[in-house]
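Q: sequence first, predicted model second:
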Amino acid sequence: MLLVLENLLDAPALAALRTALLHTAPTDWQDGRATAGYAAAALKRNQQLPAQHPQAVAQGRRVLDALAGNARFVSFALPQRVLTPMFNRHADGDEYGFHIDNALRIDPLSGQRLRADV
């Protein structure tokens, strides 16, 4: 079952997040295949901001705070922990073909193994 969280971030918060990511230096983005699982690596053509990058940390915190404050999300997922958000971008010709995401991931900031399919 999928849960849609409309307007998780209000317009000013979303604009601030987008602006921060758009002003991140192009050289700060890495090949998205670095975090792809075995099967998905051949299909993933995009760029990803490393989880330790200051903008990834700041904007990830913005998203995590919004999730923690959203009663619908909390009551639906009942999360004990939430995986650190990843920020990706696509250039012309980039794509992420049909794939199945990994059910388990290692959080790059905490080192904890977490379910990624909830």
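A: Cool, the structure landed. Residues are numbered from 1 along each chain as shown.

Q: now for the chain, the helix or strand with the poorest mean pLDDT.
A: In the chain, the helix or strand scored least confidently by mean pLDDT, DSSP states H and E is helix 38-41, which has a mean of 82.

Q: any idea of the mean pLDDT for the longest helix seen in the chain?
A: If you go by DSSP state H, the chain has its longest helix at helix 54-68. On average, the pLDDT along helix 54-68 is 97.

Q: residues in contact with G93?
A: Contacts for G93 (C-beta atoms under 8 Å, 6 or more residues apart in numbering) come out as R45. (Each C-beta comes from the backbone N, C-alpha and C, glycine too.)

Q: from R18, how far off is it?
A: Relative to R18, G93 is positioned 22 Å away (C-beta to C-beta, to the nearest Å).

Q: again with M1
A: 29 Å.

Q: so between those two, which is more surrounded?
A: Counted by other C-beta atoms under 10 Å, M1 and R18 do not tie: R18 has more neighbours, with 12 against 3.

Q: and the pLDDT for the more buried one?
A: At R18, the pLDDT recorded in the model is 97.

Q: double-check that it belongs to a strand.
A: No: using DSSP: H, G, I helix; E, B strand; the rest coil, the assignment for R18 is helix, not a strand.

Q: next, L3: secondary structure please.
A: Classified using three-state DSSP, L3 is coil.

Q: look up how far L78 lies from it.
A: 12 Å.

Q: hmm, Q47 and Q30 touching each other?
A: Yes: in this structure, Q30 is within contact of Q47 by C-beta atoms under 8 Å, at 6.6 Å.

Q: quick one, which of these two is more surrounded?
A: Per other C-beta under 10 Å, whichever of Q30 and Q47 has more neighbours is Q47, with 18 against 13.

Q: so what's the more buried one bridging to?
A: Beta-bridge partners for Q47, by DSSP bridges, are D31, R89.

Q: what sits against it?
A: Contacts of Q47 (C-beta under 8 Å, 6+ apart): W29, Q30, D31, G32, N88, R89, H90, A91, D94.

Q: the fourth one: neighbour count?
A: When counting by other C-beta under 10 Å, one arrives at 21 neighbours for G32.
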